[in-house]
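1. The following block contains a protein sequence and its predicted model.
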Amino acid sequence: MLVDVDHEVMLRRLHELRSEHRDLDTVIDRLVQHPLNQLQLQRLKKRKLLLKDEINFIENRLIPDDIA
């Protein structure tokens, strides 16, 4: 069924985004401890925020708001 396929694709994408987000946490933590390139650090933090927004978007699509 098409809905099941879309759901699986979204779950797979969500997993990929969460993984990248965790990886960025590690890289950012290392850069903060040894700041060599502030521009690179800023870019990684921005990427991490964009990932978080996309994660939230997909989670909201997968788990509809029951309160409404």
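-> The structure has been received and is ready for your questions.

2. And the host helix or strand of Leu11, what does it pack against?
-> Here Leu11 sits within helix 2-33, counting by DSSP states H and E. Other helices and strands packing on helix 2-33, by 3 or more CB pairs under 8 Å, 6 or more residues apart in numbering; DSSP states H and E, are helix 38-62. All C-beta atoms are positioned from the backbone trio N, CA, C, and that covers glycine.

3. Give me the buried positions along the helix it packs on.
-> Using 16 or more other CB atoms under 10 Å as the test for burial, helix 38-62 gives Leu44, Lys48, Leu51, Ile55, Ile58.

4. List just the nearest of those to Asp4.
-> Using CB to CB, Ile58 comes nearest to Asp4 of the buried residues of helix 38-62, at 16.0 Å.

5. From Leu11, how far out is that closest one?
-> Note on Ile58: its distance to Leu11, by CB to CB, to the nearest Å, is 8 Å.

6. which residues sit in contact with His7?
-> Listed by CB atoms under 8 Å, 6 or more residues apart in numbering, the contact set of His7 reads Leu62.

7. could you measure it against Glu16, distance?
-> 15 Å.

8. Identify the spatial nearest neighbour of Leu41, chain neighbours not counted.
-> Closest residue to Leu41 apart from its sequence neighbours, by CB to CB, 6 or more residues apart in numbering: Leu31 at 4.8 Å.

9. I'd say that neighbour and Gln40 touch.
-> Yes: using CB atoms under 8 Å, Leu31 is in contact with Gln40, at 6.9 Å.

10. quick check: mean pLDDT across stretch 11-27?
-> Stretch 11-27 shows a mean pLDDT of 96.

11. and that stretch, how far out from the chain's middle?
-> 5 Å (CA atoms, centre = their mean, to the nearest Å).

12. any idea how far Asp29 is from the residue nearest the centre of the chain?
-> The centroid of the chain falls nearest to Leu51 when counting by CA atoms, centre = their mean (3.2 Å). Separation of Leu51 from Asp29 (CB to CB): 16 Å.

13. Then Arg61?
-> 30 Å.

14. Could you pull up the contacting residues of the closest residue in space to Lys52 that isn't next to it in sequence?
-> Spatial nearest neighbour of Lys52, excluding adjacent residues (CB to CB, 6+ apart): His21 at 6.5 Å. By CB under 8 Å, 6+ apart, the residues touching His21 are Lys48, Leu51, Lys52, Ile55.
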